[in-house]
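Novice: next comes the sequence, and after it the predicted model I'd like to discuss.
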Amino acid sequence: MKLHLGCGEQHFEGYVNIDYPPSEHSVQQTSGADEFANLLELKYKADTIDEVRLHHVFEHFPRATACALLASWNSWLKQGGVLEIEVPDFERTAKVALSMFSSKQTKTIALRHIFGSQEAHWAVHYHGYTPAILSALMEQFGFKVKEVKRKNSRGILHNIDIIAIKVASKTKKEAELEATAYLNGYMAADADSERLMVQTWLKEYRQQIEKTFATE
């Protein structure tokens, strides 16, 4: 089984295309979905999925939730299974937004690409990914990056498409250790308030992992 998560209007043959129901979309005219579901509530049996792919979906998850989903997708996938994630290229798009040679409209479009279209409750981008950041994160959760593609549309909408292979299974305990290490990297100082913030993130992580980590 191959999953296309957050498919929007795009239907891929050979995949189970899954997206929010039309009631959760404000501007989308059609749906390419075979199934309607909240991606944050999907759960599959361990080692049963051949491929998981997402195009312009992963950036919509807060960082703690993103960690929990990577751990969950790892648990669903067979050994050697494929994970493909495409997101906006923060580095290149930010250069467009900050360039003195970009027009006002170009800067505005670039900022939308970074922060999201914001016409629906889910249409907000929580993180800015570069090839190095996203590759390292995927590898923390048991994947080996096989290909990194950088794309652009109209010279403004720069994107990253990373294809990775599951090379190691992560138990819940192992995955939480990886998530903790990753989230600790976002501490701004060695202070009690920052440690409490990490604990808040980990609470969010644990709540999400219980919803989506594979069943045996």
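Specialist: That came through fine. Residues are numbered from 1 along each chain as shown.
Novice: residue boundaries of the helices in this structure?
Specialist: 63-76, 90-98, 104-115, 131-140, 172-184, 192-212 (DSSP state H).
Novice: reformat the ones you listed as a markdown table; add mean neighbour count.
Specialist: C-beta coordinates here come from the backbone N, C-alpha and C atoms, glycine included. Formatted as a markdown table, the helices of the chain follow (neighbours: other CB atoms under 10 Å):
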| stretch | mean neighbour count |
| --- | --- |
| helix 63-76 | 25 |
| helix 90-98 | 18 |
| helix 104-115 | 16 |
| helix 131-140 | 18 |
| helix 172-184 | 17 |
| helix 192-212 | 15 |
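Novice: redo those helices as TSV? Include distance to residue 24.
Specialist: TSV is the format used below for these (distance: least, CB to CB, whole Å):
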stretch	distance to residue 24
helix 63-76	17
helix 90-98	26
helix 104-115	20
helix 131-140	26
helix 172-184	27
helix 192-212	18
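Novice: how about JSON lines for those helices, with mean pLDDT and distance to residue 45 added?
Specialist: Below are these laid out as JSON lines (pLDDT from 0 to 100; distance: least, CB to CB, whole Å):
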{"stretch": "helix 63-76", "mean pLDDT": "98", "distance to residue 45": "8"}
{"stretch": "helix 90-98", "mean pLDDT": "95", "distance to residue 45": "35"}
{"stretch": "helix 104-115", "mean pLDDT": "96", "distance to residue 45": "37"}
{"stretch": "helix 131-140", "mean pLDDT": "98", "distance to residue 45": "22"}
{"stretch": "helix 172-184", "mean pLDDT": "97", "distance to residue 45": "15"}
{"stretch": "helix 192-212", "mean pLDDT": "98", "distance to residue 45": "12"}
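Novice: ok, which of these comes nearest residue 124?
Specialist: Among those, helix 104-115 comes nearest to residue 124, with 7.2 Å by CB to CB.
Novice: now do the closest one: which elements does it pack against?
Specialist: Contacts defined by 3 or more CB pairs under 8 Å, 6 or more residues apart in numbering; DSSP states H and E place helix 104-115 against helix 90-98, strand 157-166.
Novice: let's see the shortest one as CSV, backbone CA atoms only.
Specialist: Coordinates of the C-alpha atoms in helix 90-98 are reproduced here as CSV (Å, rounded to 0.1, in the frame of the first residue of the first chain):
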residue,chain,number,x,y,z
PHE,A,90,13.1,28.4,3.1
GLU,A,91,16.6,29.4,2.3
ARG,A,92,16.1,30.2,-1.4
THR,A,93,12.7,31.8,-0.9
ALA,A,94,13.9,34.0,1.9
LYS,A,95,16.7,35.3,-0.4
VAL,A,96,14.0,36.3,-2.9
ALA,A,97,12.0,38.0,-0.1
LEU,A,98,15.0,39.9,1.1
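Novice: so what's the residue nearest the centre of the chain up against?
Specialist: Taking CA atoms, centre = their mean, the centroid of the chain lies closest to residue 58, which sits 2.0 Å from it. Residue 58 makes contacts with 66, 69, 85, 86, 87, 129, as judged by CB atoms under 8 Å, 6 or more residues apart in numbering.
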